[in-house]
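Engineer: predicted model, plus sequence, below.
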Amino acid sequence: VQLQASGGGSVQAGGSLRVSCVASGIIFDNDTMGWYRQALGKPRELVAAFINGIKTVYAYRLKDRFTISKDNAKNTLSLQMDSLTSEDSAVYYCNARTNSDGREYWGKGTLVTVFS
């Protein structure tokens, strides 16, 4: 499975940004896919995910501003981020966990920078 993320960039505080991830290879609609992020000097943390392709989970403090979505026909996972603050600046990583073999995959990440 290969994961290609795109859509990162720089945005002013209060603005919005959307990142997307296209999955290729052997991945099914009921596999788990999600977004993580890692800010400079901090550990990687879960942002949001589709568990087994059905249940959505969010980091509690992000759930009111971030929305995860999935287009199964296009194998694309997206994350809409609104009301961004400088604390949202991080590298955002796409993640997939396949039920067939229990393996975990990571995309290369896309940088999001929020400036004041």
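Structural biologist: Great, that's in hand. Small disclaimer: the values here were computed from a predicted structure and weren't measured.

Engineer: give the closest residue to residue 84 in space, chain neighbours not counted.
Structural biologist: Once flanking residues are discounted, residue 84 sits nearest to residue 114: 4.6 Å by CB to CB, 6 or more residues apart in numbering. Any C-beta I mention is one placed from the backbone N, CA and C, and that applies to glycine too.

Engineer: how about residue 36?
Structural biologist: Take residue 36 and drop its neighbours on the chain: the residue closest to it by CB to CB, 6+ apart is residue 93, 4.7 Å away.

Engineer: secondary structure element for that neighbour?
Structural biologist: Remark: residue 93 resides in strand 90-97, with elements defined by DSSP states H and E.

Engineer: paired strands for that strand, with orientation please.
Structural biologist: strand 32-38 (antiparallel), strand 104-106 (antiparallel), strand 110-115 (antiparallel) (DSSP bridges).

Engineer: can you list contacts of that strand?
Structural biologist: 1, 3-5, 8, 19, 21, 23, 27, 31-40, 42, 44, 47, 49, 77, 79, 103-112 (CB atoms under 8 Å, 6 or more residues apart in numbering).

Engineer: how about stretch 18-30: buried residues?
Structural biologist: 19, 20, 21, 22, 23, 27 (16 or more other CB atoms under 10 Å).

Engineer: and that stretch, how far out from the chain middle?
Structural biologist: How far stretch 18-30 lies from its chain's middle: 11 Å, per CA atoms, centre = their mean, to the nearest Å.
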